[in-house]
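Novice: for reference, the sequence and a predicted model appear below.
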Amino acid sequence: MRALLDHVWLSPRELPALADEVVEALVDRVSAMSALPERRRRAELRSEVETALRGALSRPEPENLDEADGEYGSLTRERARQELFAALTAGSPLSAEALASLAPLARRAAWQLPAAVRAVVLGSPGELQLATDALGDPLIGITDGRPCALLPDPDPEARSLLRRALPRGRAAAVGHVVPLGEARSSLRWARRLVDLAPEAQLLFVEDHLPALLLLQDESLVRALSARWLRPLDALKPAQSARLETTLLAWLEGGGAPEAAKTLKVHPQTVHYRLRQLEKLFGPVLRDPRSRFELEMTLHSRRLLAQVRDVQARISRRARTAAMSLKPMDVAREARVNGR
């Protein structure tokens, strides 16, 4: 229901339909309501429900707006905001000329075009209104089923405000600051970070740039692995995993003692494994460029494994939640959704 309210909040024209659904649900579930006269009393109830919903959504009644700002003159403020959000976040970066052409739409939306923005993406609908109310006057929309917001003229250091404003215990990501014409980039990487989030928490793109760059395309990670880690293919999985972990610790730390501390094993164990790696990889381990690509490959594989582990946990939780639903709950949800 909260997700549906968010949807209607973005598109107030759908509020009457929601009011009809609420009335039908009340009549269906509350025995006292079933005795209501069919026409007049239900019409009164529907009017009362719609008024209550408007109050809950903090949205005034739609107004008949006069023609203004050319072709945008017939748009309501909310519809203009939806179209402005879509124009700023779809397609290629916008030129100065393209941004200037959006000025009439921005006036209709009562949203002054800022010099820079950053995107905020929530992991799931349901908290959009609370978050945006606390963030001031962002431009909001829903992309791929996720509520999003563009914050105008953001302060790069305003993390404390964002932490207070965004809901706790929910997945959310804050994009990097970009010029207005590149708003789609900030939105894109915030959405990607939400997908990679290991737990329900607030994350900032600036803190995870290396991971986002390395995981742009899983097929490239597989191609790198096929190129650089082929010497490990002939080994048993357990031995391959040990050597792979040791190689990454050695490349990161710069030496055997540092790798031993990272892995919490005896230095002689690391030396033994390094001799095995030397036999397998040969001069590759002494070439700076090859070492760099090897380290990048190993980092990517580790990050990809972590992402898959997170996705598996989420899938297991979803299956458990689905199995715990009672048949009556499923039937009730089906009636509400019209199935």
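Specialist: Nice, thanks for sending it over.
Novice: CA atoms for contacts and neighbours, from now on please.
Specialist: Noted.
Novice: L235 - that's part of a helix, no?
Specialist: No: assigned with DSSP: H, G, I helix; E, B strand; the rest coil, L235 falls outside any helix and is coil.
Novice: count the neighbours of P114 for me.
Specialist: 13 (other Cα atoms under 10 Å).
Novice: secondary structure class for it?
Specialist: coil.
Novice: tell me who's in contact with it.
Specialist: 152-153, 180 (Cα atoms under 8 Å, 6 or more residues apart in numbering).
Novice: again, only this time at 10 Å
Specialist: P114 makes contact with 151-154, 179-181 under the criterion Cα atoms under 10 Å, 6 or more residues apart in numbering.
Novice: and the two most separated of those?
Specialist: Pairwise distances across the contacts of P114 (Cα to Cα) peak at 14.6 Å, for the pair P154 and G181.
Novice: where does A173 fall, helix, sheet strand or coil?
Specialist: Classified using three-state DSSP, A173 is strand.
Novice: so for it, what's the pLDDT?
Specialist: On pLDDT, A173 comes in at 89.
Novice: all numbers from here: first residue = 49
Specialist: Yep, numbering from 49; the last one is A221 now.
Novice: give me the nearest residue to it, chain neighbours excluded.
Specialist: Closest residue to A221 apart from its sequence neighbours, by Cα to Cα, 6 or more residues apart in numbering: L251 at 4.7 Å.
Novice: so A220 makes contact with R239?
Specialist: Yes: using Cα atoms under 10 Å, A220 makes contact with R239 at a distance of 8.8 Å.
Novice: find residues that contact each of the two.
Specialist: Counting by Cα under 10 Å, 6+ apart, the residues touching both A220 and R239 are 168-171, 196.
Novice: what's the closest of those to F133?
Specialist: Of all the shared contacts of A220 and R239, C196 has the smallest distance to F133: 9.5 Å, by Cα to Cα.
Novice: and the closest one, what element?
Specialist: strand 194-200 (DSSP states H and E).
Novice: please pull up the helix or strand immediately following that strand.
Specialist: Next along from strand 194-200, by DSSP H and E: helix 207-213.
Novice: taking the mean pLDDT, what do you get for that next one?
Specialist: 79.
Novice: before we move on, the earlier item: nearest to L136, of the contacts of P162?
Specialist: Of the contacts of P162, the one sitting nearest to L136 (Cα to Cα) turns out to be G229, at 6.9 Å.
Novice: what sits against that closest one?
Specialist: 135-137, 140-144, 146-147, 162-165.
Novice: check what pLDDT it gets.
Specialist: G229 is given a pLDDT of 95.
Novice: try the one 3 residues further on
Specialist: Model confidence at R232, expressed as pLDDT, equals 94.
Novice: count the residues that sit near it.
Specialist: 24.
Novice: that one - nearest residue in space that isn't next to it in sequence?
Specialist: In space, R232 is closest to T137, 4.2 Å off (Cα to Cα, 6+ apart).
Novice: which ones are touching the one you found?
Specialist: 167, 189, 191, 198, 228-236 are the contacts of T137 under Cα under 10 Å, 6+ apart.
Novice: out of those, which are inside strands?
Specialist: 167, 189, 191, 198 (DSSP state E).
Novice: measure the residue nearest to R232 to L147 for me?
Specialist: T137 sits 12 Å away from L147, going by Cα to Cα, to the nearest Å.
Novice: how does this protein divide into domains?
Specialist: 50-105, 124-262, 266-368 (automatic domain parsing).
Novice: re the thing from before, the residue nearest to A221: what secondary structure?
Specialist: Once three-state DSSP is applied, L251 turns out strand.
Novice: neighbours of it, how many?
Specialist: For L251, the count of nearby residues is 20 (other Cα under 10 Å).
Novice: give the contact list for it.
Specialist: Contacts of L251 (Cα under 10 Å, 6+ apart): 168, 211, 219-223, 238, 241-242, 245.
Novice: just the buried subset of those residues, please.
Specialist: 168, 219-223, 238, 241-242, 245 (16 or more other Cα atoms under 10 Å).
Novice: for F340, state which of these is nearest.
Specialist: L241 (24.6 Å).
Novice: give me the nearest residue to the closest one, chain neighbours excluded.
Specialist: A221 (6.3 Å).
Novice: surely that neighbour touches R194?
Specialist: No: using Cα under 10 Å, A221 makes no contact with R194, being 11.3 Å away.
Novice: could you pull out the residues contacting both of those two?
Specialist: Here A221 and R194 have 169-171, 239, 242 as joint contacts, going by Cα under 10 Å, 6+ apart.
Novice: among the residues you listed, who's most crowded?
Specialist: V169 leads the shared contacts of A221 and R194 on contacts (other Cα under 10 Å) with 31 neighbours.
Novice: quick check: it vs Q130, distance?
Specialist: Taken as Cα to Cα, the span from V169 to Q130 is 16 Å.
Novice: then H224?
Specialist: For H224, the distance to Q130 equals 22 Å [Cα to Cα].
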